[in-house]
Structure formats: C-alpha cells, structure tokens
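K.L.:
sequence first, then the predicted structure:
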Amino acid sequence: MLWIYIDRSLNIALKKQVYEQIRTRILQGELTAGYRLPPSRELADQLCVSRNVIVEAYEQLLAEGYVEGKQGSGTYVAQGVYLEYDLKEKPVSFWEIESKKEEDQDRIDFRSGIPALNQFPKKEWSKLAKEVCEEATDSIFGYDNPEGRYELRHVLSRYLKRTRGVHCHPDQLVITSGATQALSLIANMFLSSNKTVVIEDPITYEIQTIFSSTGANLCPIPVDQNGIRTDLIPVDRKPGFIFVTPSHQFPLGSILPIQRRIQLIQFARKFDTYIVEDDYDSEFRYGGEPISSLQGLDPERVIYIGSFSKILSPALRIGYLILPAILTQRCRQLKWHFDLHTPSLDQSALARFIHNGSLDRHIRRMRKLYLRRRKSLHSCLQESFGDHVSISGDATGLHLIAEFDNVEFNESLLRDILQHKVKIYPVEHHAIQKGHHRNKIILGYGNLTEEQIQEGVYRMKQALKNVCTI
C-alpha cells in the first residue's frame with residue numbers, strides 16, 4: 001500500500017504534494033527498487049483527486065529518474081536511487097512534519113473503524129503490562145514463536161468459540177501484527193500473477209491494494225442488501241480464494257444469510273479452494289447477539305481473520321488468523337519471514353485481559369456507548385435531511401451508510417465539505433466497479449462524541465446547501 005496525505009489547506013499544488021512524498025520515500029529507502037507504484041487511476045480514486053494530478057507527479061518522477069515505466073506493466077521504482085543520509089543531515093519526512101503540525105482540533109472526522117480512543121482501559125492495561133514484566137520468565141524478552149504465544153492462542157480459541165461460534169485448536173491460530181498483516185499473509189500464500197480472487201464489491205480499498213499487489217486479478221462480485229451475490233460468482237474457473245465480510249459487510253453493512261453462506265461453502269468444496277472471512281467488528285451488534293461466524297459451518301474451508309483494533313485500540317497491532325490445520329505450518333513460515341513474531345509482552349497482557357473477563361466487560365460497556373452515538377447520528381441525519389437521506393448498514397459496528405437523493409459526492413463536493421471542517425468518506429472510493437454508489441457516504445461514529453456528531457452533521461448540511469437542493 002502507498003499511503004499519501006493530501007492537505008488541501010496548504011498552498012502547495014496537489015501534484016507537488018504527491019511528487020514530494022513519493023520522492024522522499026524513494027530517497028530514504030522506504031520504497032525500494034522494483035516497487036510497483038499503484039496505477040494512476042487507482043491512486044487518484046484513493047486520494048479523491050483528478051487522475052491528471054497523479055499522472056503529472058509520475059511524469060516528474062520519471063523525468064528525474066526516480067521511477068521507470070514498463071510497457072503494459074506499470075511504473076516501478078528505479079535502481080540505484082536510495083541515498084543514505086547522516087542522521088544529522090537526514091531530511092525531515094512529510095509524515096514527521098505532519099506529526100509535529102498542530103492538529104486542527106475543530107475538524108470533525110467521520111472516519112469509520114476508529115473506536116473511542118479515550119475509552120481505552122489504560123489503568124487496567126498498565127497494571128496487566130506491569131504484572132507481565134515482573135512475573136514473566138526471562139524467555140519472554142527473547143525471540144518468540146512466529147505463531148504467537150500459547151497463552152494468548154489458548155484463551156483466544158476458547159473466547160471465539162463462546163462468542164463467535166468459531167471451531168479451532170490453539171495450534172490453528174497465528175497471531176499477527178494487526179489484520180493488515182493477516183491479509184498480507186493470506187495474499188502471499190494463495191495469490192500470484194496468474195490467480196484470481198473473488199471479492200465483494202465494494203470492499204475496503206486497502207484490501208484491494210493488498211491483494212492486487214501480488215499481481216492477482218480481482219473478480220468483483222456486487223453486494224446487495226443480503227451481502228455478496230453468490231449467484232454471480234463465475235463457475236468456469238477456480239479462484240485463489242473467496243474474500244467476504246459476512247457478519248457486517250464493509251462498507252454497506254449487510255449480513256450474509258445462511259442460504260448464501262451454504263452456497264459459498266459448496267462452491268469452495270467443489271473447486272477445492274478456501275473462503276477468507278474477515279470478521280472485523282461484529283462484537284458491536286445492537287439488536288441481539290453477534291452473528292455466528294461462517295467458519296463455524298466448515299472449519300476446513302474457511303480461513304478466519306480478526307483483530308483487536310476496533311475492540312480495543314489500533315495501536316495494539318494485534319490480529320490473528322485461524323486456518324485449517326493443513327495450512328498452519330506454511331503460514332508460520334511466512335510469518336517468520338515477515339517479522340519473526342508479534343511483540344510478546346503485548347500478547348501476554350492481552351491474554352490476561354481476556355482470561356480475567358476484562359474484554360467481555362469492556363465490550364459490554366462500549367456497546368452501550370456506541371449505541372448512544374449511533375442513535376445520535378441517526379436522529380441528527382433525519383432532522384437535518386428528512387426524506388432526502390436513507391440510512392442503512394447500522395445493525396452492527398462503528399459506522400453507517402447515508403444515501404442521499406440527487407447528490408453526487410464528487411471531488412468538488414468533498415472539497416467544499418472539508419472547507420466546512422468536516423470530513424466524510426464516499427462509498428465510491430471503495431468500489432471496484434465505479435458508478436454505482438456515488439450518492440452514498442460512510443459515517444463512522446465510534447470516536448466522536450454526541451456533541452461532535454451533532455455539529456458535524458450541521459456543518460455537512462451547510463456545505464450541501466451550497467451545491468445542491470436538500
């Protein structure tokens with residue numbers, strides 16, 4: 001993935017911002033020789049800028065020798081461009097500048113997938129971390145097993161069976177550095193330039209990037225109010241795997257019914273392939289118990305991915321994979337090549353947090369908080385936009401979908417909304433096949449207070465008044 005920050009408040013041309021960030025990362029060795037830059041159209045869609053902005057930035061990099069184009073293949077970082085710097089003379093990167101720049105406290109950001117950061121159980125976590133450091137044997141401070149510490153895998157397997165209907169032995173678990181690494185491991189195991197991955201459409205842009213970076217082809221299958229359209233999955237070829245978010249489709253929020261789950265499993269059995277289930281936020285369901293996992297229906301055909309980024313904090317960087325036993329050794333070897341192992345001290349602290357019931361208590365408390373914030377966002381949208389907005393995808397998780405009549409959330413409108421100091425996220429940015437979701441936005445509420453939600457919707461209304469009739 002290529003993360004680039006576009007700040008339209010700066011008096012710097014957008015193409016210059018893109019050029020400078022890529023150039024700096026190449027010089028510092030963050031982007032190494034042979035690294036393939038994203039296609040200009042994809043990067044433009046990701047950043048919500050004109051494709052010409054990316055094309056001109058790439059052309060400048062090409063003219064100066066930082067990258068090279070390969071006919072029909074793409075744009076790659078050139079050989080011999082890394083420049084080693086003395087620490088005293090090392091240029092300050094764009095990201096370092098951004099981290100030091102005073103954050104705009106008045107901007108309201110409806111980013112999805114961010115939990116209430118100020119609700120992280122800091123005191124209890126500090127206590128558990130202290131206990132781990134004082135009570136653990138010396139071995140915990142050395143290199144660890146790539147699959148993760150046994151105590152965490154043990155308590156996690158029991159927890160997931162109780163809460164999500166997941167069936168596995170601790171040895172089938174591989175602890176990862178967040179769900180992103182879990183996805184990368186799966187991509188490396190099953191995908192290559194001659195493979196195809198069947199994937200929901202729309203789906204998180206970052207996931208698309210991870211899979212396509214292997215050279216594999218994406219086979220997008222539309223999503224409706226009941227999840228992925230299983231009747232549209234091609235039956236003329238075997239895919240590397242099928243990727244789904246069945247308990248709370250991202251971003252549209254639908255829940256996959258049992259009939260389609262069975263159809264997926266039958267397809268996987270017929271073609272001797274696997275289903276990858278991303279269960280990213282199903283703990284926070286607001287009407288009844290969390291939806292049972294797809295993995296529980298066929299543990300030999302479903303690879304299950306989860307993390308603690310949305311339950312606790314993205315800063316923990318702890319995720320996990322549950323694999324059929326036949327795949328575990330291969331995954332462990334790959335994990336070793338990636339980063340040896342996920343930090344051991346955090347794993348042990350988390351194991352205690354789950355074992356003593358703290359995780360269950362935290363989820364119950366946060367579910368109540370998020371329910372209030374969800375209701376607040378509902379009422380604010382309805383009061384501000386009335387019949388002009390339809391709300392969906394909010395039965396679970398930390399976001400909802402707002403669909404507007406006669407509104408297209410294009411670059412110009414997004415820029416106008418941002419000028420009102422509120423940031424929203426179009427569904428269209430996550431669509432593989434463009435043009436079907438232009439009037440829909442993702443509104444995350446997990447890390448916003450009710451007052452911020454109210455003010456954010458008000459600002460959005462003022463921005464929309466300037467460009468369309470509502």
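P.N.:
That came in fine, so what should we check first?

K.L.:
for the stretch 351-470 of the chain, which segments count as strands?
P.N.:
Counting by DSSP state E, counting those that start in this stretch, the stretch 351-470 of the chain has strands at residues 389-392, 399-404, 422-423, 425-426, 440-444.

K.L.:
now for the ones you listed, which one comes closest to Thr24?
P.N.:
strand 422-423 (24.4 Å; C-beta to C-beta). Bear in mind the C-beta positions are built from the backbone N, C-alpha and C, glycine included.

K.L.:
that older thread, take the strands of the stretch 351-470 of the chain and lay them out in TSV including mean pLDDT, distance to Ser254 and mean neighbour count.
P.N.:
As requested, the strands of the stretch 351-470 of the chain are exported to TSV (pLDDT from 0 to 100; distance: least, C-beta to C-beta, whole Å; neighbours: other C-beta atoms under 10 Å):
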stretch	mean pLDDT	distance to Ser254	mean neighbour count
strand 389-392	96	8	16
strand 399-404	96	10	22
strand 422-423	96	25	18
strand 425-426	96	18	22
strand 440-444	97	13	24
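
K.L.:
so can I have TSV of these showing distance to Leu413?
P.N.:
Below are the strands of the stretch 351-470 of the chain laid out as TSV (distance: least, C-beta to C-beta, whole Å):
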stretch	distance to Leu413
strand 389-392	15
strand 399-404	10
strand 422-423	12
strand 425-426	9
strand 440-444	10
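
K.L.:
looking at these, which is closest to Ser313?
P.N.:
Shortest distance between Ser313 and the strands of the stretch 351-470 of the chain, using C-beta to C-beta, is found for strand 440-444: 15.2 Å.

K.L.:
now the closest one - C-alpha only, CSV.
P.N.:
This file holds the C-alpha atoms of strand 440-444, laid out as CSV (Å, rounded to 0.1, in the frame of the first residue of the first chain):
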residue,chain,number,x,y,z
LYS,A,440,-23.6,7.2,-0.5
ILE,A,441,-21.2,8.1,2.3
ILE,A,442,-19.7,6.2,5.2
LEU,A,443,-20.1,7.9,8.5
GLY,A,444,-18.1,6.5,11.4
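
K.L.:
mind listing the strands it pairs with, and their directions?
P.N.:
Applying DSSP bridges, strand 440-444 is found paired with strand 399-404 (antiparallel), strand 425-426 (antiparallel).

K.L.:
pull out the buried positions in the longest helix along the chain.
P.N.:
Counting residues, the longest helix found in the chain (DSSP state H) is helix 358-385. Residues 358-359, 362-363, 366, 369-370, 373-374, 376-378, 380-381, 384-385 are the ones in helix 358-385 that count as buried (16 or more other C-beta atoms under 10 Å).

K.L.:
average pLDDT across it?
P.N.:
For helix 358-385, mean pLDDT is 96.

K.L.:
related to what we said a few turns ago, any chance of the strands paired with strand 440-444 in TSV, plus distance to Cys219?
P.N.:
Formatted as TSV, those follow (distance: least, C-beta to C-beta, whole Å):
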stretch	distance to Cys219
strand 399-404	24
strand 425-426	23
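
K.L.:
looking at these, which is closest to Leu191?
P.N.:
Nearest of the strands paired with strand 440-444 to Leu191, taken as C-beta to C-beta: strand 425-426 at 26.7 Å.

K.L.:
can you list the residues that contact that closest one?
P.N.:
Strand 425-426 is contacted by residues 48, 110-112, 409, 414, 437-438, 440-444 when judged by C-beta atoms under 8 Å, 6 or more residues apart in numbering.

K.L.:
tell me the pLDDT of Val81.
P.N.:
83.

K.L.:
residues contacting it?
P.N.:
Counted by C-beta under 8 Å, 6+ apart, Val81 has contacts 26-27, 33, 65-66.

K.L.:
let's see 7 Å
P.N.:
For Val81, the contacting residues are 26-27, 33, 66, by C-beta atoms under 7 Å, 6 or more residues apart in numbering.

K.L.:
which one among those residues gets closest to Glu59?
P.N.:
Nearest to Glu59 among the contacts of Val81 is Tyr66, at 11.1 Å by C-beta to C-beta.

K.L.:
test my guess that the closest one contacts Arg23.
P.N.:
Yes: Tyr66 is within contact range of Arg23, at 5.9 Å (criterion: C-beta atoms under 7 Å).

K.L.:
list the buried residues in stretch 432-449.
P.N.:
Using 16+ other C-beta under 10 Å as the test for burial, stretch 432-449 gives 432, 437, 439-449.

K.L.:
just give me the closest of the residues you listed to Gly72.
P.N.:
Ile432 (20.8 Å).

K.L.:
and the closest one, how far from Pro220?
P.N.:
From Ile432 over to Pro220 the distance is 4 Å, taken as C-beta to C-beta, to the nearest Å.
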